[in-house]
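[1] Have a look; sequence and predicted model below, questions after that.
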Amino acid sequence: MDVQSAEPGSDPDRLRGRELDAVAARIGPRFLRRDLRGRAGAYLRALALGGGGAGRGGVRALAAAAGEATPAGFRHLLDRARWDADALRDDLREYVVERLADPAGEATLIAGEVRFPKRGIKSAGATRRRSPTTGRVETCQTAVFLAYRTARGCALIDRALCLPEEWATDPARRVAVGAPDTRIYARIGVLAPADSSALARTMIRRALQAGVPCDRVAADEPCGRNLWNFASGRGLGHVVAVPRTQKLFAPDFATTTAEDHLETAEAGGGVGWESFPETSGDGRPVRWAALRYGRSSQVVGKPPKRHGLLVREDAEPGAETARRSYFLTRPPEDASLRTLVEAAGGLDAFRRTVAGARREAGLDAYEVRSGDGWHRHVTLSMLAHAALTVARVAPEAPPPDRVLR
């Protein structure tokens with residue numbers, strides 16, 4: 001099998017090709033057969049070196065980009081070949097941490113929900129939902145991704161399909177398309193579908209157990225429910241997007257909502273808004289404010305942290321009122337507002353990373369219907385995009401101390 005590599009040209013071309021070759025060699029032992037090893041490497045290169053464009057044409061275009069006579073080999077790789085996508089995920093996580101970890105800085109694990117529009121309802125987990133990509137209610141697959149972010153860069157390291165109730169509670173339907181059983185115990189003896197927040201906690205727990213260095217976690221609204229308790233119990237800081245109706249508990253156990261807490265503070269003149277226009281991405285006016293609530297807390301061996309509410313206010317062109325977004329935070333006692341704003345920026349970094357993986361590595365350009373096929377394609381795409389990210393931001397060889405703890 002003749003695998004096409006990057007043509008020698010500019011330095012970026014050489015770095016991308018070198019990094020993809022290194023990743024292909026790294027995952028090679030996961031494939032027992034030589035032809036599968038070569039085909040997996042060819043799939044990575046076709047996804048990455050075509051700038052994601054080859055993936056837009058489906059497996060046939062990927063096969064052509066890799067020099068394959070037919071797409072049968074790639075279809076076999078995704079559908080029927082014997083290899084473990086979760087083992088590859090572990091290789092991905094280790095690679096990203098080795099190349100992007102910053103011993104002198106902080107690291108954040110970021111969880112977010114992503115939806116992939118589909119044409120029919122036969123793909124694993126597909127159901128009718130609102131697609132943030134198009135803004136319409138349409139057939140989508142919903143997935144949760146976990147990203148690792150440092151000052152050096154951001155890359156995806158884990159993934160899982162989120163099955164709606166009609167799939168999670170129908171074993172025959174799941175088995176027919178190889179969809180995983182993601183149910184969890186809602187209470188003793190009662191299994192319930194795992195929502196995005198449960199999947200996010202599972203992935204963060206898996207990363208921590210693997211020794212991924214982490215100072216805080218961040219999550220969007222679907223993945224953030226109850227994540228603050230999970231993070232606080234492990235001594236981690238957190239920045240979690242919440243709805244305006246999110247309940248907050250005062251030291252005297254009285255309750256309020258995020259929106260009411262802000263309005264009460266504004267009425268008393270206790271809100272110090274600061275502008276950070278660079279956080280809008282397009283120069284629009286953006287203001288931020290940080291408020292305390294509850295008591296400070298401390299985990300043995302860790303510095304004390306305070307519980308807070310971070311608010312972002314975006315001035316929408318032509319709108320009478322600004323749009324406000326709310327985040328629960330648990331920073332160190334001496335954290336500045338800018339530090340909190342930069343931490344909340346992890347969610348924007350996550351969205352950019354997912355968009356980059358779609359655009360550059362065909363994250364959403366798959367034709368498979370099975371759950372196994374989805375995890376295989378997506379994991380290979382994440383590897384390809386991680387290699388491109390490393391080639392851009394950290395192309396040098398990692399120092400010996402940049403490893404999993």
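    Nice, I can see it.
[2] mean confidence score for stretch 328-343?
    Stretch 328-343 shows an average pLDDT of 87 in the prediction.
[3] Show me what it is in contact with.
    Contacts to stretch 328-343, defined as C-beta atoms under 8 Å, 6 or more residues apart in numbering, come from residues 108, 216, 218, 224, 228, 231-232, 236-240, 242, 246, 258, 272, 274, 276, 279, 288-290, 296-297, 303-310, 344. In this view, the C-beta of every residue, glycine as well, is placed from N, C-alpha and C.
[4] just the buried members of those residues?
    108, 216, 218, 224, 228, 231-232, 236-240, 242, 246, 258, 276, 279, 288-290, 305-310, 344 (16 or more other C-beta atoms under 10 Å).
[5] Give the full set of residues in contact with Gly272.
    289-290, 337.
[6] if you set the cut-off to 7 Å instead, what comes out?
    By C-beta atoms under 7 Å, 6 or more residues apart in numbering, the contact set of Gly272 is Ala289.
[7] Figure out the helix or strand that it lives in.
    Under the criterion DSSP states H and E, no helix or strand holds Gly272.
[8] State the mean pLDDT of the longest strand along the chain.
    Ranked by residue count under DSSP state E, the longest strand found in the chain is strand 137-150. In this model, strand 137-150 has a mean pLDDT of 94.
[9] Compute the mean per-residue pLDDT across the next helix or strand after it, please.
    If you walk from strand 137-150 toward the C-terminus, the next helix or strand you reach (DSSP H and E) is strand 153-162. Mean pLDDT, computed over strand 153-162, is 96.
[10] Could you list the residues in contact with strand 153-162?
    With contact meaning C-beta under 7 Å, 6+ apart, strand 153-162 is reached by 89, 92-93, 96, 100, 124-125, 141-148, 179-180, 182, 195-196, 199, 203, 206-207, 349, 353, 357, 371, 374-375, 378-379, 382, 385-386, 389, 393-394.
[11] Report the strands that pair with it, each with its relative direction.
    With DSSP bridges as the test, strand 153-162 is paired with strand 137-150 (antiparallel).
[12] Of all the residues in the strand it pairs with, which ones are buried?
    Buried residues in strand 137-150, counted by 16+ other C-beta under 10 Å: 139-150.
[13] same deal with stretch 327-346?
    By neighbour count on 16+ other C-beta under 10 Å, the buried set for stretch 327-346 is 327-331, 335, 337, 339-346.
[14] try stretch 313-330
    Buried-residue list, stretch 313-330, by 16+ other C-beta under 10 Å: 313, 325-330.
[15] measure that stretch end to end?
    Using C-alpha to C-alpha, to the nearest Å, one end of stretch 313-330 lies 20 Å from the other.
[16] Walking through the stretch 301-405 of the chain, point out its helices one by one.
    337-361, 371-393 (DSSP state H, counting those that start in this stretch).
[17] What are the contacting residues of stretch 104-112?
    Under C-beta under 7 Å, 6+ apart, the answer for stretch 104-112 is 101, 144-151, 200, 203-204, 207, 213-220, 223, 343, 346-347, 350.
[18] Among the buried ones among the contacts of stretch 328-343, name the ones in helices.
    When DSSP state H is applied, the buried ones among the contacts of stretch 328-343 are split such that 224, 228, 231-232, 258, 344 fall in helices.
[19] what about stretch 211-228, start to end distance?
    Stretch 211-228 has an end-to-end distance of 20 Å (C-alpha to C-alpha).
[20] do the same with stretch 199-218
    The first-to-last residue distance of stretch 199-218 comes to 14 Å (C-alpha to C-alpha).
[21] And stretch 219-234, by the same measure?
    16 Å.
[22] Wait, Lys122 touches Arg369, no?
    Yes - contact criterion C-beta atoms under 7 Å: Lys122 and Arg369 qualify, at 5.6 Å.
[23] So the two - more neighbours on which side?
    Ranked by neighbour count (other C-beta atoms under 10 Å), Lys122 and Arg369 place Arg369 first, with 18 against 13.
[24] I figured the more buried one hits Val177, correct?
    Yes - in this structure, Arg369 is within contact of Val177 by C-beta under 7 Å, at 5.8 Å.
[25] overlap in contacts of the two?
    Here Arg369 and Val177 have Ala124 as joint contacts, going by C-beta under 7 Å, 6+ apart.
[26] can you give me how far whichever strand or helix holds Glu94 is from the chain middle?
    Using DSSP H and E, Glu94 maps to helix 85-100. How far helix 85-100 lies from its chain's middle: 14 Å, per C-alpha atoms, centre = their mean, to the nearest Å.
[27] what does stretch 326-336 give?
    Distance of stretch 326-336 from its chain centroid, counting by C-alpha atoms, centre = their mean, is 22 Å.
[28] secondary structure class for Leu32?
    Classification of Leu32 by DSSP: H, G, I helix; E, B strand; the rest coil places it in coil.
[29] And it, how far from Ala289?
    Distance from Leu32 to Ala289, counting by C-beta to C-beta, to the nearest Å: 56 Å.
[30] ok, Gln246 - contacts?
    Shown in contact with Gln246 (C-beta under 7 Å, 6+ apart): 257-258, 326.
[31] These into a markdown table, with extra columns for distance to Ala72?
    What follows is the contacts of Gln246, written out as a markdown table (distance: C-beta to C-beta, whole Å):
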| residue | distance to Ala72 |
| --- | --- |
| Thr257 | 57 |
| Ala258 | 54 |
| Tyr326 | 51 |
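[32] Show me which of the buried residues of stretch 327-346 is closest to Glu19.
    Nearest to Glu19 out of these is Gly346 (C-beta to C-beta; 23.9 Å).
[33] Just the pLDDT at the closest one, thanks.
    In this prediction, Gly346 carries a pLDDT score of 93.
[34] What separation do you get for the spatially closest residue to it that is not a sequence neighbour and Gly112?
    Leaving aside its sequence neighbours, Gly346 sits nearest to Ala218 (C-beta to C-beta, 6 or more residues apart in numbering; 4.2 Å). Using C-beta to C-beta, Ala218 is found at 9 Å from Gly112.
[35] any idea how the protein splits into domains?
    Domain ranges of the chain: 1-83, 84-393, per automatic domain parsing.
[36] rank those by mean pLDDT and give me the bottom one.
    domain 1-83 (a mean of 82).
[37] Within the helices and strands, which one has Tyr43?
    Using DSSP H and E, Tyr43 sits within helix 34-49.
[38] who touches the residue sitting furthest away from the middle of the chain in this structure?
    Note on the chain: the largest C-alpha distance from the chain mean falls to Gly268, namely 38.5 Å (C-alpha atoms, centre = their mean). Counting by C-beta under 7 Å, 6+ apart, Gly268 makes contact with nothing.
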